[in-house]
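Asks: need a 3D model of the following:
(chains A, B, C and D)
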Number of protein chains: 2
Amino acid sequence: MARNKNPEETVNRILDTSYRLFLEKGYEYTSTQDIIDNLGGLSKGAIYHHFKSKEDILIAVTDRMTEQSNHMLAEIRDRTDLNAREKLRMIFKDSINRPVQDEIFAVAPNIHNNAKLLFSILHETIHDAAPNYILPIIQEGIADGSIKTDYPAQLAELIILVANVWMNPMILDDTEEESLGKFILFQQMLGGFGLDIVDEEMLGRLQELTAIYQKRK
Amino acid sequence: MARNKNPEETVNRILDTSYRLFLEKGYEYTSTQDIIDNLGGLSKGAIYHHFKSKEDILIAVTDRMTEQSNHMLAEIRDRTDLNAREKLRMIFKDSINRPVQDEIFAVAPNIHNNAKLLFSILHETIHDAAPNYILPIIQEGIADGSIKTDYPAQLAELIILVANVWMNPMILDDTEEESLGKFILFQQMLGGFGLDIVDEEMLGRLQELTAIYQKRK
DNA sequence: GTTATACATACCAACGTTCGGTATTGAATA
DNA sequence: TATTCAATACCGAACGTTGGTATGTATAAC
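Replies: All right, here's what the predicted structure looks like:
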């Protein structure tokens, strides 16, 4: 294949394909050859020209996955027309309404065979999303009196971990009923810290998501 | 090497060595050849006679790891001289006092390169420990009025997940200060469900554990 | 025209796994 | 007690595939 004038396109093609295969087959069960075969007329040399290793591709893929999520988080965090509780409420609403969720759910049958991808996302969640996006909002809430805790950083971690990992029906393979129970329990837990951010609309959406995932099996 | 009269010994030797190497080097970075070399005079064929794959060894290793933990959980669960809150309190105390903890901490430098092992333990925790050991105690607590929730199964999961994963300084790489903050926050969280199970002794022990792990780096 | 780079090709060592074979066992048979 | 024999513990060479590399070539950019 001829040399591409703007290699950024090639990089994106590699990432698109890898992203899809990693979700479909799992990172460990996707070989570099698989990626090449699904790429259409690109060679191993090309891939290793743009990425230094297979793991490097994984990092780029998860970066791209979290990037859009972080963009949304940043926007909400910086709004001046909302107070802390309203911001958190909006974050949860948006996170379960993101269209990419449906897509991932529809395409990923065996996320359980994907420990490395999951751990990679978990790591980003705890070490990037929590301190940079949730923590500032928590601190705002402490300042205006709507949140009560002496450990804002830990509370930020706990919230995002529970919301993104434990309540993710894809990761922990829940039925609709279980998912719903988790959500209500989460609300109870937050109530202990003075927060009340769950509403009826969110519950409905969560049921929808779980149903989509359950149908796949 | 001569044929062993009771092959159970051989199986145990394979598991002992694999367990050590998986912790030291990570599952993905331990090759079957590594296991053989550290085993002393056993061949590749021998391993594949007793285990059908490398992943099969990992499953056996994690099974053995959780088995002793489950044994302790079962004993506490079945005691008749303690009420639900006292049982949970004892579980937490024991879980951070288990000597195997020190051992694992001292030997596992790069648990982050061990996504598969971690996920394997997480899975067992959620799908075995939570429903079989924690849930019955929660239900007991609901019956005697010391725990308040409409979702006992979910609360069991949440408790064990937070205790075993989020508060594990090895997995999430905390400083002493962060660890302590998590513990106190955990206590606050449980307080929301009517529970109060953390005491001074536990806090001290947790600081110890974190210190051991921090020194390794 | 020169250099930098986007890609192709051919190859490598290491990996997990398989397989034909051997040695040893313990129970059945003589 | 001695002999047989199937089951099995173990060996080690070989296999296909893997992630990764070295080298070559064509083209874009200046």
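
Asks: okay, now the closest residue to residue A:124 other than its chain neighbours: neighbour count?
Replies: In this structure, residue A:124 finds its nearest non-sequential neighbour in residue A:66, 5.1 Å apart by CB to CB, 6 or more residues apart in numbering or on different chains. (Each C-beta comes from the backbone N, C-alpha and C, glycine too.) Neighbourhood size, residue A:66 [other CB atoms under 10 Å in any protein chain shown]: 17.

Asks: wait, isn't residue A:66 in contact with residue A:121?
Replies: Yes - contact criterion CB atoms under 8 Å: residue A:66 and residue A:121 qualify, at 7.1 Å.

Asks: center of chain A - which residue?
Replies: Nearest residue to the geometric centre of chain A (CA atoms, centre = their mean): residue A:66, 6.0 Å.

Asks: distance check, that one against residue B:196.
Replies: From residue A:66 across to residue B:196, the span is 37 Å (CB to CB, to the nearest Å).

Asks: what does residue A:134 give?
Replies: Distance from residue A:134 to residue B:196, by CB to CB: 27 Å.

Asks: cool, and residue A:161?
Replies: Using CB to CB, we find residue A:161 at a distance of 23 Å from residue B:196.

Asks: repeat that for residue A:55.
Replies: Distance of residue A:55 to residue B:196, given as CB to CB: 45 Å.

Asks: now do residue A:182
Replies: To residue B:196, residue A:182 is 23 Å away according to CB to CB.

Asks: what about these two, which has more around it?
Replies: Legend: neighbour count by other CB under 10 Å for residue A:182 and residue B:196, higher for residue A:182 (25 against 13).

Asks: what's the angle from the helix or strand hosting that one to helix B:176-191?
Replies: Mapping residue A:182 onto the secondary structure by DSSP states H and E places it in helix A:176-191. Angle of helix A:176-191 versus helix B:176-191, following axes from the mean of the first three to the mean of the last three CA atoms, to 10 degrees, is 110 degrees.

Asks: got the CA positions of helix A:176-191 in PDB?
Replies: The C-alpha coordinates for helix A:176-191 follow below in PDB (Å, rounded to 0.1, in the frame of the first residue of the first chain):
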ATOM      1  CA  GLU A 176     -32.300  -6.100  35.700                       C
ATOM      2  CA  GLU A 177     -33.500  -6.700  39.200                       C
ATOM      3  CA  GLU A 178     -30.000  -6.800  40.700                       C
ATOM      4  CA  SER A 179     -29.000  -3.700  38.800                       C
ATOM      5  CA  LEU A 180     -31.900  -1.800  40.100                       C
ATOM      6  CA  GLY A 181     -31.200  -3.000  43.700                       C
ATOM      7  CA  LYS A 182     -27.600  -1.700  43.300                       C
ATOM      8  CA  PHE A 183     -28.800   1.700  42.200                       C
ATOM      9  CA  ILE A 184     -31.200   2.100  45.100                       C
ATOM     10  CA  LEU A 185     -28.500   1.000  47.500                       C
ATOM     11  CA  PHE A 186     -26.100   3.400  46.000                       C
ATOM     12  CA  GLN A 187     -28.600   6.100  46.600                       C
ATOM     13  CA  GLN A 188     -28.900   5.000  50.200                       C
ATOM     14  CA  MET A 189     -25.200   5.100  50.600                       C
ATOM     15  CA  LEU A 190     -24.900   8.600  49.200                       C
ATOM     16  CA  GLY A 191     -27.700   9.600  51.500                       C
END
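
Asks: helices or strands up against the helix or strand just after it?
Replies: With elements assigned by DSSP H and E, the helix or strand that comes after helix A:176-191 is helix A:200-215. Helices and strands touching helix A:200-215, by 3 or more CB pairs under 8 Å, 6 or more residues apart in numbering or on different chains; DSSP states H and E, are helix A:84-97, helix A:99-107, helix A:169-172, helix A:176-191.
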